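> Predicted coordinates and the sequence they were generated for:
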Amino acid sequence: AQSVSQHNHHVILSEAASLELGCNYSYGGTVNLFWYVQYPGQHLQLLLKYFSGDPLVKGIKGFEAEFIKSKFSFNLRKPSVQWSDTAEYFCAVNARTGGFKTIFGAGTRLFVKA
Amino acid sequence: DSGVTQTPKHLITATGQRVTLRCSPRSGDLSVYWYQQSLDQGLQFLIQYYNGEERAKGNILERFSAQQFPDLHSELNLSSLELGDSALYFCASSPWSGLAEGGNTGELFFGEGSRLTVL
């Protein structure tokens, strides 16, 4: 069965620090990969997605993620975080073959200190 | 605003009771997904409907059931409620069936959730 692991449950950074959130999935087939963000009191919204092609994908608000197939990883990065990036970040995977469902990781709560 | 509407936003009820959560998908979206978000288990997939039919099932308890109506809105029914059912229940929609069809980006559009508190 598919599963998604996010390594850090809570991260605290100061503004301007660099961010990297880890995500690993377990599925041997072809997958679509996503990062969603949930700002306090708001719904989940898509940050970025990967389907094929360049394994380095860029999303909104300066975020990017790199797909490393050999490591089954899709880590999220941002060179310099801002206070407004305080949110919960979810990695998600769905399989492209057959009937599939999107599986989410447990989420990482990021708090950025001003 | 994602275009997905969920009601009620907050609900407080007692153990043993039954509640119904409602979701209206984005205009034109045929798929509705239900997720449960709790502090200890993260975001758990419950069930998916596509154009009125159940398409995929996740960790949904037998006490829970869902359906999608001809107008594409969906309801999640939770019965014999227990304290552990307290959670945020999200609905998401997408235009696709869930299969690897052409144009399927897999992106989900989430509502703001219904927070259920069972006392």
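Nice, thanks for sending it over. Numbering: from 1, shown residues only, chains lettered A, B, ... in the order given.
> Tell me the residues of chain B that contact chain A?
Chain B comes close to chain A at residues B:2, B:4, B:33, B:35, B:41-45, B:48, B:55-56, B:58, B:90, B:92, B:98-100, B:105-108, B:110-113, as judged by C-beta under 8 Å from any C-beta of the partner chain. Bear in mind the C-beta positions are built from the backbone N, C-alpha and C, glycine included.
> Show me just the buried residues among the residues you listed.
Buried by 16 or more other C-beta atoms under 10 Å in any protein chain shown: B:2, B:4, B:33, B:35, B:42-45, B:48, B:55-56, B:58, B:90, B:92, B:98, B:100, B:106-108, B:110-113, out of the residues of chain B next to chain A.
> so who does the residue in chain B that chain A sits nearest to touch?
Here the residue of chain B nearest chain A is B:G42; by C-beta to the nearest C-beta that distance is 3.5 Å. Contacts for B:G42 (C-beta atoms under 8 Å, 6 or more residues apart in numbering or on different chains) come out as A:104-107.
> cutoff 6 Å now
Counting by C-beta atoms under 6 Å, 6 or more residues apart in numbering or on different chains, B:G42 touches A:106-107.
> ok, the lowest-mean-pLDDT helix or strand in chain A near chain B or not?
The helix or strand of chain A with the poorest confidence is strand A:103-104; it has a mean of 88 (mean pLDDT, DSSP states H and E). Yes - residues of strand A:103-104 are located near chain B by C-beta under 6 Å from any C-beta of the partner chain, namely A:F104.
> Same check on stretch A:79-95?
Yes - on the criterion C-beta under 6 Å from any C-beta, stretch A:79-95 is in touch with chain B at A:N94.
> which intervals of chain B have sub-threshold pLDDT?
B:97-105 (pLDDT under 70).
> what's the helix or strand for the residue nearest the centre of it?
Central residue check for chain B by C-alpha atoms, centre = their mean: the C-alpha nearest the mean position is that of B:W34, 2.4 Å away. For B:W34, the enclosing helix or strand under DSSP states H and E is strand B:31-38.
> Could you find the closest non-adjacent residue to whichever residue of chain A sits closest to chain B?
For chain A and chain B, the shortest gap (C-beta to the nearest C-beta) falls at A:A106, measuring 3.5 Å. Take A:A106 and drop its neighbours on the chain: the residue closest to it by C-beta to C-beta, 6 or more residues apart in numbering or on different chains is B:G42, 3.5 Å away.
> Return the set of residues that bridge with that neighbour.
B:G42 forms beta bridges with B:S38, as assigned by DSSP bridges.
> From B:R18, how far off is it?
In this view, B:G42 and B:R18 are 25 Å apart by C-beta to C-beta, to the nearest Å.
> ok, residue 13 - contacts?
Since you didn't name a chain, this refers to chain A. The neighbours of A:L13, taking C-beta under 6 Å, 6+ apart as the test, are A:81, A:112.
> Switch to chain B, please.
B:T13 touches B:19, B:118, counting by C-beta under 6 Å, 6+ apart.
> Double-check A:L21 against A:L110; I have them as touching.
No - assessed by C-beta atoms under 6 Å, A:L21 is found out of contact with A:L110, at 7.5 Å.
> So is stretch A:28-41 next to chain B?
Yes - Stretch A:28-41 is in contact with chain B by C-beta under 6 Å from any C-beta, via A:N32.
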